[in-house]
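Novice: Return a 3D structure for these sequence lines:
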Amino acid sequence: MAETIAPTRSNLLQRREQLKLANRGADLLKRKRDALIGEFFSLVQASLKARRALNQAGREAYFSLFLAKAWDGPEAVESLSLAARTGLDLDVKVENLFGVKVPQVQPPTFDRSLPFSPVGAGARTLEAASQFRALTEALVRVAATETRLRLVGEEIKKTSRRVNALEQIVIPGVAQQIKDIRSVLDQRALEEITVLKRIKAKLDAREEAEAQEGARTEGKAQRSGPPEATAQVG
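Specialist: Residues are numbered from 1 along each chain as shown. A predicted model of the protein is given here:
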């Protein structure tokens with residue numbers, strides 16, 4: 001249901017200012033959306049690159065694990081893997097990206113020391129441990145990149161909805177209100193002009209009638225002449 005606005009000049013000025021702000025807001029949102037789209041495509045490329053690196057790291061890690069189990073035995077590998085379980089500390093910061101809060105995750109860096117004694121561990125098992133560390137780093141990179149990608153994509157959708165709401169609902173609605181108010185004000189002004197013309201015509205007619213009446217009175221007075229002059233002639 002359309003909002004009913006009193007057709008006054010103050011409301012006309014208010015709606016004009018509102019229309020100006022709505023247009024300015026739409027322009028700013030479109031600039032933000034364009035910047036986010038540029039960032040989105042950059043993140044798409046980074047995500048694809050991270051995915052390729054993850055796939056490569058996964059193949060290498062599981063191939064190393066297969067060789068380790070074949071050479072050193074599955075029991076030895078599983079025993080060392082249980083001993084190697086440790087927590088993973090991540091450095092996570094929040095970055096403001098065009099108004100969007102996105103995580104900035106630094107991939108974990110592992111030192112060269114292993115969480116278990118290499119004594120008794122086969123070379124294949126040590127290689128597998130190293131490869132799985134690389135796989136962990138690749139997983140974190142993918143998770144961080146795809147999280148940023150998802151958040152930026154959601155913000156693009158949200159910004160697009162706001163732009164569409166402004167351009168398709170708010171701006172046309174306010175513009176129509178301005179048009180309606182101006183139409184009423186113009187009609188009122190036309191009616192006022194018509195009334196003023198009628199009043200002026202009546203005043204002009206009255207003045208003309210009074211002038212004609214005055215002229216007739218003056219003419220009668222001139223034709224009758226002064227009383228003294230009539231007496232002398234007689």
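Novice: Just say helix, strand or coil for the spatially most central residue of the chain.
Specialist: With distances taken as CA atoms, centre = their mean, the residue of the chain nearest its centroid is residue 29 (3.3 Å). Classification of residue 29 by DSSP: H, G, I helix; E, B strand; the rest coil places it in helix.
Novice: Now it: closest residue in space that isn't a chain neighbour?
Specialist: Spatial nearest neighbour of residue 29, excluding adjacent residues (CB to CB, 6 or more residues apart in numbering): residue 163 at 4.9 Å. (Glycine included, C-beta is placed from N, CA and C.)
Novice: Figure out the helix or strand that the one you found lives in.
Specialist: helix 123-165 (DSSP states H and E).
Novice: Helix or strand with the lowest mean pLDDT in this protein?
Specialist: Lowest by mean pLDDT, DSSP states H and E among the helices and strands of the chain is helix 227-233, with a mean of 49.
Novice: tell me the mean pLDDT for stretch 132-142?
Specialist: Summarised as a single mean, pLDDT over stretch 132-142 is 89.
Novice: ugh, wrong one, stretch 105-119
Specialist: 61.
Novice: and if you look at stretch 163-172?
Specialist: If you average the pLDDT over stretch 163-172, you get 95.
Novice: Check stretch 67-75 too.
Specialist: So the average pLDDT for stretch 67-75 ends up being 83.
Novice: related to what we said a few turns ago, so who does the residue nearest to residue 29 touch?
Specialist: By CB atoms under 8 Å, 6 or more residues apart in numbering, the residues touching residue 163 are 26, 29, 30, 33.
Novice: No further queries at this time; thank you.
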